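Trainee: structure here, sequence nowhere to be found:
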């Protein structure tokens, strides 16, 4: 069975600095999708970035980028130029193609300090 | 209104009450989901509806009863809940039930407290 582990329950970063959130997963599949979701205090989870396992190139969305290490089964999220609005819970998630099931991690609470 | 809308935002209910949570989406999605979010635990998938047909009931106690009258609306009927059912209940939708690449669109959830 697939598992997703986020080993950092809480993190903080100074505004304008860079922070990296860790995620590891376990699967025997060769193709799959990985996601980072953000849940701000408003509670609505928002898709931040996604990665297809068969793509070597790391996904990037503006200030958000991932470091996808397939062999190590690692999928970290880097937030550059952190902003106060980045304060949120961040969830890493795994999904297999052609299904509706997602495996979520337990989340990392990120606080951006002014 | 666009996106996924959930009502009410907060709900406090006694263990003998009956209440319902409502979810509405205007995205043209064909699949809708109920998740339970508890502190320090991964999100738990409760129910999945695809084209108004329930395709998954993930070992959820019968005190939770879902209803999907059409592809835009999803309800979660609650009765005789327990204090451990207190959690954030999230509704989500996706274009179809096999469109995992696109991810979900989530609502803002209903914070349920059972007293």
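Mentor: That came through fine. Being a predicted model, the structure only gives us computed values, none of them experimental.

Trainee: switch to C-alpha atoms for all contacts and neighbour counts from now on
Mentor: Fine.

Trainee: so what's the spatially most central residue of chain B up against?
Mentor: Central residue of chain B (Cα atoms, centre = their mean): residue B:34, 2.8 Å from the mean position. By Cα atoms under 8 Å, 6 or more residues apart in numbering or on different chains, the contact set of residue B:34 is B:45-48, B:89-92.

Trainee: repeat that for residue A:109.
Mentor: A:9-11, A:87-90.

Trainee: how does it look with 6 Å?
Mentor: Contact analysis of residue A:109 by Cα atoms under 6 Å, 6 or more residues apart in numbering or on different chains lists A:10, A:88-89.

Trainee: one step back: export the contacts of residue B:34 to a markdown table and append columns for distance to residue B:105, secondary structure and pLDDT.
Mentor: What follows is the contacts of residue B:34, written out as a markdown table (distance: Cα to Cα, whole Å; DSSP: H, G, I helix; E, B strand; the rest coil; pLDDT from 0 to 100):
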| residue | distance to residue B:105 | secondary structure | pLDDT |
| --- | --- | --- | --- |
| B:45 | 14 | strand | 92 |
| B:46 | 16 | strand | 94 |
| B:47 | 16 | strand | 93 |
| B:48 | 14 | strand | 91 |
| B:89 | 14 | strand | 98 |
| B:90 | 10 | strand | 97 |
| B:91 | 9 | strand | 97 |
| B:92 | 5 | strand | 95 |
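
Trainee: strands along the chain, start to end?
Mentor: As the question left the chain open, I've gone with chain A. A:3-5, A:10-14, A:19-21, A:24-26, A:33-39, A:46-52, A:60-61, A:64-69, A:74-79, A:88-95, A:102-104, A:108-113 (DSSP state E).

Trainee: that was the other one, I meant chain B.
Mentor: So, for chain B - with DSSP E - the strands run B:4-7, B:10-13, B:18-25, B:31-37, B:44-50, B:53-57, B:64-70, B:73-79, B:87-94, B:105-106, B:110-114.

Trainee: contact partners for residue B:14?
Mentor: B:114-115.

Trainee: and the buried ones among the contacts of residue A:109, selectable in PyMOL?
Mentor: Selecting only the buried entries of those in PyMOL, with 16 or more other Cα atoms under 10 Å in any protein chain shown as the criterion:
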select buried, chain A and resi 88+89
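
Trainee: turn the contacts of residue A:109 into TSV, including distance to chain B and pLDDT.
Mentor: Below are these laid out as TSV (distance: Cα to the nearest Cα, whole Å; pLDDT from 0 to 100):
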residue	distance to chain B	pLDDT
A:10	11	97
A:88	14	97
A:89	11	97
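
Trainee: number of nearby residues for the nearest residue in space to residue B:9 that is not next to it in sequence?
Mentor: Closest residue to residue B:9 apart from its sequence neighbours, by Cα to Cα, 6 or more residues apart in numbering or on different chains: residue B:110 at 4.6 Å. Number of residues near residue B:110 (other Cα atoms under 10 Å in any protein chain shown) recorded here: 22.
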